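**Student:** Requesting a structural model of the entry that follows:
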Amino acid sequence: MNKKLWLVLFALLFAACSDNGSSPSVANGTGSNAGETEIACIDTLALVDENGNALLNGTAEIWELDESAPTLVRTLVADSTGVITYEASPAANHDAPALQKPAYRMLAAYAGDSLAGMTRLENGGALPKSVTLAKAGVVFGRIVDGMASVDAEVRILGKTASARSGSYTLTGLPKGVHFAYVDADSYGSGMYQVTAGAVAVDTTDQEPQEPGITNPPQGSVEASPGSAFPNSFDVSKQISTEQFIRVEDFENWGNRKTLIGQIYGGGSWFESSDSSMGGGSYIQPSIWSEHVFLPTYGSYSGTGIYTGLFADSSFAQKFAGIGFNLGADYEDVTADVPAFYDLSSMESIAFYAKGTGTIKLQLTCKGESGKTFYSVPVELQDKYQEYRITPADFIAANGSVDLEEVNSISFVAEENADIMLDEIRIYGLSIFEWEGLGHN
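**Tutor:** Model (predicted):
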């Protein structure tokens, strides 16, 4: 049995700073280097496996990402012992052009010519003291214009693949969430979030639902390059002047966390019903069941989810729903991950869905006296549609809305309903500014 190889990056600060001159110097803290001698601190970065063995001939690349392209900021090369020694002066740590907002930086580590793993650099891009990198996986998908395939180039950091007849595959990438940059010839270019790693889906033994509730498609499918394309990019919808955050696509959903949760932390999915108040409403199949997954031919794009929301007609305050936290849970305000996010600048919350009945898109927010709920009803149709719910929709349905402290987004039914759900997005915001929107 092959052992999983994990790479750990240890940034070991030496207490050795020098001005490369004959006398010490002190920075004035104004951000200007004019007329001054700059202090240079020497740091080391050791590339090792899970057993503490050095990975010889290792390199580390630091990339800076924005909506238009990834930029290689620095390349650090290890010596014959597997240790990288580098100058960590202010100038060395800020080789990229100054940005209006904090930079989103990634570190990619290589063992020889093979990409061994990558990690997001927090705190403005500073190298961490230690981090464990994810094991290798594969990204595959399609570039389309509606139903038609589109030729394009797809890039993730330094890796590029050609999407001929619409299909592309990028191997040797760590499992998890990545940012893919698409150049689609005459259509233009765009960026979207993708996931590396195949998800097997088996729906052959679905239990029948109650009468009137649509069963999801039967059969078995495996999300692999030959049978499914979960990371689809539609140039007619996604190459535009609109900014959006791809919140969830259900492609890498084994841990039941959203895409932004897998990047920034938090983002757990949950179920809710009136059962805590004595009601009998329920969700079936449960989101924790493998039966919740829709195979490719039953979803909007790649893998989606299906569930039935059953409301207890004998209970006055009946409801059943599913939803997700934007960050930490409402009560977990001491977590390192923020529990509340400022969505006041968003244009809309969007999702693709079909089904029967009426559901409500519900926001749980922090109000002056505790939890505050805002909801907008959505009547589901028998074909997939994109629903975009705007702040104006929340105001029309609730009289007012305060989006400065949003904790979670839910899909709730007060009468029996079933929903097939895919591709949840927040328009008007950038994934690279998400970290600055959170607070406790």
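**Student:** buried ones in the helix or strand hosting residue 418?
**Tutor:** Residue 418 belongs to strand 417-427 when elements are defined using DSSP states H and E. The neighbour-count criterion (16 or more other CB atoms under 10 Å) identifies 417, 418, 419, 420, 421, 422, 423, 424, 425, 426 as the buried residues of strand 417-427. (Glycine included, C-beta is placed from N, CA and C.)
**Student:** What of stretch 352-369?
**Tutor:** Residues of stretch 352-369 classed as buried under the neighbour-count rule (16+ other CB under 10 Å) are 352-357, 359-366.
**Student:** Between the two ends of it, how far is it?
**Tutor:** Between the start and the finish of stretch 352-369 there is a gap of 34 Å, counting by CA to CA, to the nearest Å.
**Student:** just to revisit the earlier point, quick one: which of the buried residues of stretch 352-369 is nearest residue 411?
**Tutor:** Within the buried residues of stretch 352-369, the smallest distance to residue 411 is 5.1 Å, found for residue 359 (CB to CB).
**Student:** Name whatever forms a beta bridge with the closest one.
**Tutor:** The residues paired with residue 359 through beta bridges, assigned by DSSP bridges, are residue 378.
**Student:** wait, it sits on residue 381?
**Tutor:** No - if you go by CB atoms under 8 Å, residue 359 and residue 381 don't touch, sitting 11.9 Å apart.
**Student:** This protein: helices as residue ranges?
**Tutor:** For the chain, the helices defined by DSSP state H cover 90-93, 235-238, 259-264, 391-398.
**Student:** Residue 311 is nearest to which of these?
**Tutor:** Of these, the one closest to residue 311 (CB to CB) turns out to be helix 391-398, at 19.3 Å.
**Student:** if we look at the closest one, which residues are touching it?
**Tutor:** Contacts with helix 391-398, where a contact means CB atoms under 8 Å, 6 or more residues apart in numbering, come from 344, 346, 348, 363, 374, 375, 376, 377, 401, 403.
**Student:** So of those residues, which two are at opposite extremes in space?
**Tutor:** 344 and 377 (22.5 Å).
**Student:** picking that back up, okay, the buried residues of stretch 352-369 in a markdown table with distance to residue 320 and pLDDT next?
**Tutor:** Rendered in a markdown table, the data for the buried residues of stretch 352-369 read as follows (distance: CB to CB, whole Å; pLDDT from 0 to 100):
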| residue | distance to residue 320 | pLDDT |
| --- | --- | --- |
| 352 | 21 | 92 |
| 353 | 16 | 94 |
| 354 | 18 | 94 |
| 355 | 14 | 95 |
| 356 | 14 | 96 |
| 357 | 11 | 97 |
| 359 | 10 | 98 |
| 360 | 11 | 98 |
| 361 | 15 | 98 |
| 362 | 12 | 98 |
| 363 | 18 | 98 |
| 364 | 16 | 97 |
| 365 | 21 | 97 |
| 366 | 24 | 94 |
